[in-house]
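> Using only what follows, build the 3D model:
(chains A and B)
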Amino acid sequence: MNLNGDVEVLQKIVDGALASLEASRQRIDDLNVYPVPDGDTGTNLTLTVRALADAVEQTSAASRQSLARDVARGALMGARGNSGVIFSQIVRGAADVLGETDGPRIDARAAALALRGASDAAYRAVRRPVEGTMLSVIRELAEEAEQRALEGPALGELLLELVRRGEIAVARTPEQLQVLRDAGVVDAGGAGLLELVRGVAATVTGEPLPAPPPREEPLGVESIHRELSPYRYCTVFLVEGRDLDRDALELGLERLGDSLLVVGDRNALKVHVHTDDPGAALSLGTDAGTIDGVEIANMHEQTQERTERLLTAVPDLATTGVVAVVAGAGNRRLFEQLAEGMGPIAIVEGGQTMNPSTADLIAAVESLGSHEAILLPNNTNVVLAAEHAAANAGRPVEVVASGSIPAGLAAMVAYDGTRPAAENAAEMREAVAAVATGEVTVASRDIALAGVDIRNGEWLGLADGTPVAGGSDFDDVAFAVVEKLVAGHHDLLTLLEGGDAPALDALVDRISAAHPDLDVDVQKGGQPHYALLLSAE
Amino acid sequence: MDLTSANTAIVLDSTADFPDAQERFPNWRVVPLYVNFGGESYRDGVDMTAEEFYRRLPSADPMPTTSQPTPADFAAAYAGLGGYDRILAITIAARLSGTFQSAGLAADERVRTIDSETASAAIAMLALAIQRRLDRGTTDEEVDALVERYTRGHGLLFTVDTLEFLARGGRIGRAKAFAGELLNVKPILSIRDGEVVPVKRVRGNRKAFQEFVDALESQTADGPDLRVGIAHADAPERMAELARMVRDLRPQATIEIETSLGAVIGTHAGPGTVGLFWFAGE
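This is a model prediction of the structure:
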């Protein structure tokens, strides 16, 4: 059988499948709890299909049969991860059947045969087949196709029916596999396979791809509610040689770990194993033939990255964001960190001598993308602009009248973006009311204070806005402020170090000696004008 | 049927953090979960004590993981209780572990499984409340009513040094957003309906401690019926401080448990964790 444009058609179909899968890649990664919750199924499948696409692009096959061989080999060589390896066998099973067909077009009957071949090959690849995975999905697709094919539908019609059946099969995976039920997710590999079929159907029928389903919400971190794989390294390699003995290799590898897959033919075998000893796995490979395409991934790192991603994921349902007026790179980072995972934040640069405009604040509120907002002016001079902004923002905005940066930080600790602005504001105001704040700055004029004269250029210490100490010794002035603040608030003292502050070590030692039970937290705030901002709570 | 401590046994899993159960009560047994260090698997509280666990933890690479007991482990425990007509198997929240499922799979007609919907000393305190009733004679209905009242009414508050451990084991639930390391943010957490939930976040250990004080003050009244448990993960000084606080604030209360979080709970909570548990009722 000659090719008659098969390559071009195949290219389109593979591209369509790939586009469909890529649109859901992240969602599928996050579904991944079986066999190991390492959150990479979507990525692995995508990389596998890309390798398949490359193979189609590079093929110089002159017959349908050799095209099928190139495609199967491309998928095998490029297979990543457990799901990728199984998928490569699905491709191979289908390709074996389709390579033998003749006639200009693939019809529904040929498709049904191909799916049966794919399903059988997939089951053969896995030493202990488990239902509720990609395997059940491909098997159900094959069964559906065989039934429908009897009615002689057009290929496009059949594919649309297969998408529908695939959706049912994927939705059923939690009923079949306890791990999925526990995690409240469907099988990631099965979901990936469904997206591929969806892409193929869209390409064949000429219909546009439907929008990918939204990431499941709430994306429970419960979805990694599983013990981790006991093994550390995901090890993948290819063994090439003559008369390779698949069963013998599999037997040897089985002792080294789990999630084992050995697939291929007598000339090339792809190995996937989770093990603590990748070296031993590779040795078994070199004993059997020559090895190639070695990939060793530290799964614990993958898991960690995923944990971090889930930890920092801003809840999609953030109702309320925060606009904070902040001076100093360090302070900015502190505000951003307190918002991390809680909801969106927009920082407006400004403070004592750089008061942002009402328009600046409204623009920041609009940039949040949340329905409601909290405004933290963090300076008494900014409160009025904040109130104007709140009144004119065209959405519910609450001003929490924080008079200083440390007061604003205390408010941020109480912030939770999933709740309405009014609720947040009530708790944040309470938090602000519960802190005493102070600052140490340089006096810009001569001041007479309780009988002490502070001269222009000397250190001036304020507690809750009132001058309490002054003089040429920074530590003495700062310590006097601390004493005022901790008189009524004795759990936690926060010191935000200004951009040009003197060294704080001696001061901190003195505070700790005087108040051994106080938690003292020193942060680089980097604010101008104030050598030190303080709060006690 | 009248249930007594002569005809009714209690089977706990090791996450109740009550390792001397069997020494204290002849009708009690503990089925251990497993903690795995690399390729080595240890029975929680049997092959590995809490002290050994926290000693090994800092140098563990990879970090330890845990596994639920097998149904066979429960079956063996049930079989060892041949002289009892009724066995109450009380496990950690089914939403936190598959242990409840293993206990149920192994159950014969003598066994009733109870999902405590909680963890650690709070499980042991439920078992102690049941035992008090067994000691004077009770019924299934009375036990049911107690379990119902306990799961809804017991108090539980804990704080962890870092959310890493809960996150790594996937037990973090909705508390995932409570990060904020730079400012020493301490999450105040609870378990509700068998799930870890965030209560509040505060900065620093002093404020975290104050949250325990506030909770005890606002949610309990002093009296001989108030029972309290305290557990810590390699932080005995924090437990001692909590115990002092409870004695000052609720002098009539009984502190019925002061314990170490065992290897399995420790794997998921991490060192520095401290928890306070209370229940008002006879």
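> could you pull out the strands for the stretch 201-350 of chain A?
For the stretch 201-350 of chain A, the strands defined by DSSP state E, counting those that start in this stretch cover A:233-240, A:257-264, A:268-275, A:290-298, A:320-326, A:345-349.
> helices and strands around the last one, which ones?
Okay, so that is strand A:345-349. In terms of contacts (3 or more CB pairs under 8 Å, 6 or more residues apart in numbering or on different chains; DSSP states H and E), strand A:345-349 is packed against strand A:320-326, helix A:329-339, helix A:358-367. Heads up, the C-betas are built off the backbone N, CA and C, glycines and all.
> Recalculate using a threshold of 10 Å.
The contact analysis (3 or more CB pairs under 10 Å, 6 or more residues apart in numbering or on different chains; DSSP states H and E) places strand A:345-349 against strand A:320-326, helix A:329-339, helix A:358-367, strand A:372-376, helix A:383-392.
> same question, the fourth one
For strand A:290-298, the packing partners by 3+ CB pairs under 10 Å, 6+ apart come out as strand A:233-240, strand A:268-275, helix A:278-288.
> if you set the cut-off to 8 Å instead, what comes out?
strand A:233-240, helix A:278-288.
> Just the mean pLDDT for that strand, thanks.
Mean pLDDT, computed over strand A:290-298, is 83.
> Paired strands for that strand, with orientation please.
Strand pairing for strand A:290-298, determined by DSSP bridges: strand A:233-240 (antiparallel).
> can you check the shortest one too?
Strands that pair with strand A:345-349, judged by DSSP bridges, come out as strand A:320-326 (parallel).
> Now do the buried residues in the partner strand.
Residues of strand A:320-326 classed as buried by neighbour count (16 or more other CB atoms under 10 Å in any protein chain shown): A:320-326.
> could you check the angle helix A:329-339 makes with it?
Relative orientation of strand A:320-326 and helix A:329-339, computed by axes from the mean of the first three to the mean of the last three CA atoms, to 10 degrees: 170 degrees.
> by how many degrees do strand A:320-326 and helix A:358-367 diverge?
Going by the same axes, to 10 degrees, strand A:320-326 makes 140 degrees with helix A:358-367.
> Show me the shaky parts of the stretch 251-400 of chain A.
By pLDDT under 70, the low-scoring segments of the stretch 251-400 of chain A are A:301-318.
> For residue 11, I want the exact helix or strand it lies within.
Reading this off chain A. Element membership for A:Q11 (DSSP states H and E) is helix A:6-23.
> oops, chain B please
strand B:8-13.
> closest one to A:L115 among the strands of the stretch 201-350 of chain A?
Closest approach to A:L115 among the strands of the stretch 201-350 of chain A (CB to CB): strand A:257-264, 18.3 Å.
> So A:V126 is in contact with A:L260, correct?
No. Counting by CB atoms under 8 Å, A:V126 stays clear of A:L260, with 9.0 Å between them.
> More neighbours: which of those two?
With neighbours defined as other CB atoms under 10 Å in any protein chain shown, A:V126 and A:L260 compare such that A:L260 has more, 22 against 18.
> what helices or strands is the lowest-mean-pLDDT helix or strand in chain B leaning on?
Taking mean pLDDT, DSSP states H and E as the measure, chain B has helix B:164-168 as its least confident helix or strand, at a mean of 80. Helix B:164-168 sits against helix A:299-312, helix B:263-269, with contacts defined as 3+ CB pairs under 8 Å, 6+ apart.
> what helices or strands is the following helix or strand past the helix holding A:Q11 leaning on?
Sequence order places helix A:25-31 as the next helix or strand after helix A:6-23, per DSSP H and E. Packed against helix A:25-31 by the contact rule (3+ CB pairs under 8 Å, 6+ apart) you find helix A:41-58, helix A:188-205, helix A:299-312.
> Buried by neighbour count: which residues of the first one qualify?
This points to helix A:41-58. A:41-53, A:55-56.
> can you pull the contacts of residue 263?
Just so you know, I chose chain A. With contacts defined as CB atoms under 8 Å, 6 or more residues apart in numbering or on different chains, A:V263 is in contact with A:76, A:79, A:85, A:88-89, A:125, A:246, A:269-270.
> could you do chain B instead?
B:35, B:42, B:44-45, B:48-50, B:52-53, B:64, B:66.
> Which one of those residues sits in the busiest neighbourhood?
B:D44 (29 neighbours).
> quick one, strands of chain B?
Using DSSP state E, the strands of chain B run over residues B:8-13, B:28-31, B:34-37, B:40-43, B:65-67, B:86-91, B:111-115, B:155-159, B:185-192, B:195-203, B:226-232, B:254-260, B:274-280.
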